[in-house]
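>>> Output the structure for:
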Amino acid sequence: MIKIRWFIVGVHFLLALQAFAQHNSAVSDRYTPTNSVLLNPASIADPRPFVDFRLVGVSAQAENNLYLLPGGNITNAINADVEDGVKYNAAVNADIYLPAMVIAKGYRSFGFNIRQRNMVYGKNVTSDVAGFIKNGLNYPRQHNQVYNSDNFYVKYMSWAELGLNYAQIIKRDGDVIMTAGGSLKLLNGMGHLAMLVDNQTYEVDSLHVNIHSTQSKMGLSTPGAYLGMGVGADLGFEFRKMLTDDNALYTPHSVRSKCGIKEYKYKFGVSLIDLGFINFKRSTYHWAFENDSIFWNNYETNNIDGITKMNTVLTNSSANAGSTLENKNKFTALMPLALNAQFDYNLENNFFFYSSLELGLHQRLTMGTERVSRLSLIPRYERERITAALPVTISRHQKPGLGFYLRAYFFSIGTNNFVPLLLKNDTYGADVYVSLNWQILHSKPCQTYFKKRKDYCPKPTRNFFKKKKKKPRELNLEWK
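Predicted coordinates for the structure are as follows:
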């Protein structure tokens, strides 16, 4: 039974690892608040553009210590040996970004964000299980051996998300501005697989899988458009130390504040994201095993091609071993909860240094999925129509990587680690990020204000290269 799971997870891992990976340096770009709101909803208060509209985008991120890209070659992603005694971990995050918008209204900001998300997380997978994931159950090297595996889990979840965003300035006093914000998210479950193993003893031969004892849980929802609904929330706060101390009456994008942009020397923020759940109810099964025995007879011919067949095989396999299977047709899956901290320092002359720490909060005994903890250090050069950054990312399951991020007008592209692909070094992860955004930099009243100011205050003409005309010499014709 448990080996059924590994076959399915192996498929998910292969598909995900070949899909590549997400890059989050875009959240540091202040001219794309539709990205930064995903990390901290308070960041959209006082946005740089009056309106930021995301047309479409995609990101994917994969990291693990089982599959590698030899020489940075994507087509050879399977060339890695399983080492005895090693615990294997993997994380995959793939998002499809659909339309999103952020708009400023006085000291408040509003927005919405639509995306489709897919996440896989595996932790402490033992080498014997990893061997079957990679090579399949019919792997003679591991046949006829009794294995004992404990305290590992693999989780996969796919869902669609509609987020409604709100943020506002909550304090304007001297050289300090504080903001707070939140996002309410409506969630639609589209697929789920979770295997939570406390302990199991098993062996595999050329025909059968014999699980002598297992204490574990499994939740599965076959991929579909509507498997269950849920809700989620993000909460955030930011503190900004401004360069000037005349911010008491500051209102973003308003003629009252002369349509000026207030710059900070530094800011820091904290946020709690993906607090929520999805209730899976359709095409769903939840199995629980309490020191049960399972005998899967002839796994080559008695294979699994759907959720109904899986339930049948699990029920029969339990009965063959004299155990009674406990199952349900619904379960609750938790979102990948994370606590974040961000810091951005203004080096002036359009140069900034941004850092963020993302702590994935582990939920080992629950259905759902999790995220990997990571630290990002991102120096960047930022202007209205262009941003360039060189992110350094330190992740839990991967060596530090050097990437790049570039936004030119409406187009953004980036990666967290391009060095292995450039130098053809071995790597256990890869990622990419692409997005199309359209911005309106100023509100309508500010556009009129700037136009009138230009008309009424014309620029002085420059006469650097023009010779000054000499005044004619006056003759003194006065008789003495």
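>>> from here on, contacts and neighbour counts on C-alpha atoms
Will do.
>>> Where does pLDDT dip in the stretch 351-480 of the chain?
397, 420-421, 423-428, 454-480 (pLDDT under 70).
>>> Which strand residues bridge residue 97?
residue 57, residue 115 (DSSP bridges).
>>> That one against residue 115, yeah?
Yes - counting by C-alpha atoms under 8 Å, residue 97 does reach residue 115; the two are 4.6 Å apart.
>>> neighbour-wise, which of the two wins?
Comparing residue 97 with residue 115 by other C-alpha atoms under 10 Å, the one with more neighbours is residue 97, at 21 against 18.
>>> measure the more buried one to residue 343 for me?
Distance from residue 97 to residue 343, counting by C-alpha to C-alpha, to the nearest Å: 25 Å.
>>> Stretch 216-231: end-to-end distance?
27 Å.
>>> Pull the residues that contact that stretch.
By C-alpha atoms under 8 Å, 6 or more residues apart in numbering, the list of residues contacting stretch 216-231 from outside reads 184-200, 276-290, 306-307, 331, 367.
>>> Please check those and keep the buried ones.
Applying 16 or more other C-alpha atoms under 10 Å to the contacts of stretch 216-231, the neighbour count classes 184-200, 276-290, 331, 367 as buried.
>>> what's the longest strand in the protein?
Using DSSP state E, we find that the single longest strand of the chain is strand 176-204.
>>> for stretch 134-152, the distance to its chain's centre please.
How far stretch 134-152 lies from its chain's middle: 33 Å, per C-alpha atoms, centre = their mean, to the nearest Å.
>>> and it, which residues are buried?
Neighbour-count burial for stretch 134-152 [16+ other C-alpha under 10 Å]: 134, 137, 138, 142, 143, 147, 148, 149, 150, 151, 152.
>>> State the pair within the residues you listed that is farthest apart.
138 and 151 (24.5 Å; C-alpha to C-alpha).
>>> Distance of the nearest residue to residue 383 once chain neighbours are set aside relative to residue 46?
Excluding its sequence neighbours, the residue lying closest to residue 383 (C-alpha to C-alpha, 6 or more residues apart in numbering) is residue 350, at 6.6 Å. Residue 350 sits 18 Å away from residue 46, going by C-alpha to C-alpha.
>>> Next: residue 179.
9 Å.
>>> Show the residue spans covered by the helices in the stretch 301-450 of the chain.
307-320, 419-423, 444-456 (DSSP state H, counting those that start in this stretch).
>>> Give me the mean pLDDT for the first one.
Right, the one you point to is helix 307-320. Average pLDDT, helix 307-320: 70.
>>> Common neighbours of residue 179 and residue 46, please.
By C-alpha under 8 Å, 6+ apart, the residues touching both residue 179 and residue 46 are 168, 169.
>>> Those two - which one has more neighbours?
residue 46 (28 against 24).
>>> Checking that one next. Helix, strand or coil?
coil (DSSP: H, G, I helix; E, B strand; the rest coil).
>>> Can you tell me the closest non-neighbouring residue to it?
Closest to residue 46 by C-alpha to C-alpha, 6+ apart is residue 252, at 5.6 Å.
>>> Quick check, pLDDT for the one you found.
93.
>>> who are the neighbours in contact with it?
Here residue 252 is in contact with 46, 47, 104, 106, 107, 259, 260, 261 (criterion: C-alpha under 8 Å, 6+ apart).
>>> Equivalent analysis for residue 166, please.
41, 42, 108, 109, 110, 111, 181, 182, 183.
>>> Then residue 284?
Here residue 284 is in contact with 219, 220, 221, 222, 227, 307, 329, 330, 331 (criterion: C-alpha under 8 Å, 6+ apart).
>>> neighbours of the fourth one, just the number please.
Neighbouring residues of residue 222 were enumerated by other C-alpha under 10 Å; the total is 16.
>>> do the same with the one 3 residues further on
By the other C-alpha under 10 Å criterion, the neighbourhood of residue 225 contains 12 residues.
>>> is it fair to say it lies in a strand?
No - per three-state DSSP, residue 225 lies outside any strand segment and is coil.
>>> what's the distance between it and residue 116?
Residue 225 is 11 Å from residue 116, by C-alpha to C-alpha.
>>> buried set for stretch 365-376?
For stretch 365-376, by 16+ other C-alpha under 10 Å, it's 366, 367, 368, 369, 370, 371, 372, 373, 374, 375, 376.
>>> if you look at these, which of them are in strands?
367, 368, 374, 375, 376.
>>> bridging residues for the fourth one?
Spelled out, it's residue 375. Residues in beta-bridge contact with residue 375 (DSSP bridges): residue 357, residue 394.
>>> same deal with the second one?
With DSSP bridges as the criterion, residue 368 is bridged to residue 334.
>>> which of the ones in strands among the buried residues of stretch 365-376 lies closest to residue 174?
Among these, and counting by C-alpha to C-alpha, the member closest to residue 174 is residue 376, at 31.0 Å.
>>> residues in contact with the closest residue in space to the closest one that isn't next to it in sequence?
Excluding the flanking residues, the one nearest residue 376 by C-alpha to C-alpha, 6+ apart is residue 393, at 4.5 Å. When contacts are counted by C-alpha under 8 Å, 6+ apart, residue 393 touches 374, 375, 376, 377, 400, 401, 402, 403, 416, 417.
>>> can you rerun that using 7 Å?
375, 376, 377, 400, 401, 402, 416 (C-alpha atoms under 7 Å, 6 or more residues apart in numbering).
>>> can you give me phi and psi for the last one?
The main-chain torsion angles of residue 416 are listed as degrees, to the nearest 10 and equal phi -90, psi -20.
>>> on that earlier part again, now the buried residues of stretch 134-152 as JSON lines including pLDDT?
Below are these laid out as JSON lines (pLDDT from 0 to 100):
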{"residue": "134", "pLDDT": "79"}
{"residue": "137", "pLDDT": "85"}
{"residue": "138", "pLDDT": "85"}
{"residue": "142", "pLDDT": "90"}
{"residue": "143", "pLDDT": "92"}
{"residue": "147", "pLDDT": "91"}
{"residue": "148", "pLDDT": "90"}
{"residue": "149", "pLDDT": "87"}
{"residue": "150", "pLDDT": "87"}
{"residue": "151", "pLDDT": "88"}
{"residue": "152", "pLDDT": "90"}
